[in-house]
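> Need the 3D shape of this:
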Amino acid sequence: MALETVRSGIGGLDAILQGGFLNGGVYIVQGEPGAGKTILGNQLCYNHVAQTEGFALYVTLLAESHARMMAHIGAMSFFDPEAVPDRVYYVSAFRVLEEEGLKGLVTLLRREVQNRNVSLVVLDGLVAAEETAGTPREFKKFIHEVQTVAAVSASTMFLLTSASASNIPVAAEQTMVDGVIEMRLRLYGRRSEREIIVHKRRGGPFLEGRHSFLITGDGLCVFPRTEALLARPTPGDRAPAFRVMTGVAGLDDMLGGGLIGPSPMMVVGPPGIGKTTLGIHFLGGCSAKEPGLFFSFYETKDAISRQARQLGSPLAKWLETGVVDYVWQPTTDGLIDDVAARLLDIVRRKGIKRLFLDGVDGFVELAVEPERVKPLFTAITNELRALGVTVIYTHEDDVCVTGGVLPLTGTHLRGASGIAETIILMRYAELRSELHRFVSVLKARNSHIARTLRRFEMTDRGIVVEPDNAGAEGVLEALQSGFQPQRGD
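Residues are numbered from 1 along each chain as shown. As a prediction, the model looks like this:
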């Protein structure tokens, strides 16, 4: 029999909890001052009355005054002044706690919950109740009585406390409640991230580990760890494999007739080699039935539109008409899980079938924990494949072939096979005073590829790949004949 749950109304938090909180459950929310507990408590109240016919009670002990609290949350979008005091009722219980102790506090809670038919309660300042208790046994008895009130009234209760994080999750009272949630602010060098951790949740599974959140004008915005949220891709009938043209005829020829879709391709190469231009070719092949997305960390929409017009690419028109969406995400600041969530949200809402992500390095720059990038991208790739999206990623790598150096020397592709089914390498070769461009297909699953190195040029119509490897052979023979570029050549 499934247990009845109460949703928080915060999408990311409900996803972490795999549905929400148990109806009639008691939860401890713990964190240092400034972690965001009071905002969360108020957001839970207003979301609850907005999405149900229930009533909410907010009880303060040693917390800021109600007037100051209302001033702080009044500008947030979840706040509804018309809900106060009929649907959301505030009570200060500190005087009751001082004069009547924990017994008086329980009596107050029971009375207010019954008289107002409350279905959600926030008690802000649990640490004051703990300090009032004469013994640990008395405090545990108080928690037990709070649980009784919650169970009898079917009210979900949240106990907010700023007790030391060292108590998580072994304090005796935390073994009694239905869930323990920790909120914290962590520093990474000069950067910081807010994190939320579910240490315990009775009644079902939840996403473990640290999850990021922001405090915005909408309150808490929670972003589950992408690799945990997408551990299993969205189920569905996988479409039969089909060919997708990159828009560069010579490259499609090397791939045996184009990409096999839906699948991911990684394009690796140094700055200026033509990776972004390849993306313009690729998205130029979109249509109203096959919409696309250009997701960039480095170029603005105006810059790409200008380049597309110069190349005569249909992409310029698609950007104007909305057939291709454009997202520019600066790498100066941001949460990696927020970026991943927005990317997948656009793909799902717009039914995107072609995605060009320029480039993977932007995620690396945003990540405060670089080791997360590979599992995160693996999860994103699996989800995009399940959604029927053919995607091209770019990765910047300084590859330049000079006299006698093997063509793949200096290429860093460790882990790429777990992300991409097709890997394209674009690189320069320095011969005398000229830089030559080469392209090769390192792998392409389920395709008969041309295992040759071909030279290509950047023209006023974009990338043109030579039909065979004769030009590349000539340059490499000159390199391997013993020619060594001299300083000043």
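> Show me the shaky parts of the stretch 151-300 of the chain.
163-172, 237-239 (pLDDT under 70).
> swap in the stretch 1-150 of the chain?
For the stretch 1-150 of the chain (pLDDT under 70), the answer is 1-2, 63.
> State whether residue 14 is indeed within a helix.
Yes: under DSSP: H, G, I helix; E, B strand; the rest coil, residue 14 sits within a helix.
> What number of residues are in the vicinity of residue 234?
11 (other CB atoms under 10 Å). Where C-beta positions appear, they are placed from N, C-alpha and C, glycine not excepted.
> show me what contacts it?
Residues counted as contacts of residue 234 (CB atoms under 8 Å, 6 or more residues apart in numbering) are 383, 386-387.
> how close does it sit to residue 464?
Distance from residue 234 to residue 464, counting by CB to CB, to the nearest Å: 39 Å.
> picking that back up, out of the contacts of residue 234, who has the most neighbours?
That'd be residue 383 among the contacts of residue 234, by other CB under 10 Å, with 21 neighbours.
> after the one helix or strand that residue maps to comes which helix or strand?
Assessed by DSSP states H and E, residue 383 sits inside helix 373-386. Per DSSP H and E, the first helix or strand lying C-terminal to helix 373-386 is strand 390-396.
> Which strands and helices lie in contact with that following strand?
Applying 3 or more CB pairs under 8 Å, 6 or more residues apart in numbering; DSSP states H and E, we find strand 390-396 packed against strand 264-269, helix 275-284, strand 354-358, helix 360-366, helix 373-386.
> can you redo those as TSV with distance to residue 121?
Listed next are these as TSV, based on distance: least, CB to CB, whole Å:
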stretch	distance to residue 121
strand 264-269	48
helix 275-284	52
strand 354-358	45
helix 360-366	38
helix 373-386	37
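> Nearest to residue 332, out of these?
helix 360-366 (8.9 Å; CB to CB).
> So for the closest one, mean pLDDT?
Averaging pLDDT along helix 360-366 gives 88.
> Sheet-wise, list the partners of the strand or helix carrying residue 28 with their directions.
Per DSSP H and E: residue 28 is located in strand 26-31. If you go by DSSP bridges, strand 26-31 pairs up with strand 156-161 (parallel), strand 179-188 (parallel).
> Quick check: next helix or strand after the shortest one?
The element immediately downstream of strand 156-161 (helix or strand, assigned by DSSP H and E) is helix 172-176.
> Dump that next one to CSV, restricted to CA.
As requested, the backbone C-alpha atoms of helix 172-176 are provided in CSV (Å, rounded to 0.1, in the frame of the first residue of the first chain):
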residue,chain,number,x,y,z
ALA,A,172,18.9,10.7,19.3
GLU,A,173,15.9,12.8,18.3
GLN,A,174,16.9,12.4,14.6
THR,A,175,16.5,8.6,14.9
MET,A,176,12.9,9.2,16.0
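> chain center to that helix, what's the gap?
For helix 172-176, the separation from the chain centroid amounts to 32 Å (computed by CA atoms, centre = their mean, to the nearest Å).
> related to what we said a few turns ago, and the helix holding residue 383, what does it pack against?
Short answer (3+ CB pairs under 8 Å, 6+ apart): helix 373-386 packs on helix 226-229, strand 264-269, helix 336-350, helix 360-366, strand 390-396.
> Which residues belonging to it are considered buried?
Within helix 373-386, the residues that count as buried by 16 or more other CB atoms under 10 Å are 373-386.
> Please save the CA atoms from it in CSV.
What follows is helix 373-386, C-alpha atoms only, in CSV (Å, rounded to 0.1, in the frame of the first residue of the first chain):
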residue,chain,number,x,y,z
VAL,A,373,31.9,16.4,-15.4
LYS,A,374,32.4,12.9,-16.9
PRO,A,375,29.5,11.1,-15.1
LEU,A,376,27.3,14.2,-15.5
PHE,A,377,27.9,14.2,-19.3
THR,A,378,27.4,10.5,-19.5
ALA,A,379,24.0,10.9,-17.9
ILE,A,380,23.0,13.8,-20.1
THR,A,381,24.1,11.9,-23.2
ASN,A,382,22.0,8.8,-22.2
GLU,A,383,19.0,11.0,-21.7
LEU,A,384,19.4,12.9,-25.0
ARG,A,385,19.7,9.5,-26.8
ALA,A,386,16.5,8.4,-25.1
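> Also compute the angle for that helix relative to strand 354-358, please.
160 degrees (axes from the mean of the first three to the mean of the last three CA atoms, to 10 degrees).
> switch to numbering from 37
Okay, using 37 as the starting number, the last item reads as helix 409-422.
> tilt between helix 409-422 and helix 372-386?
Between helix 409-422 and helix 372-386, the angle comes out at 10 degrees (the same axes, to 10 degrees).
> What lies in contact with helix 409-422?
262-263, 265-267, 269-272, 274, 298-300, 372-373, 376, 379-380, 383, 391, 396, 399-400, 403, 427, 429, 451, 454-456.
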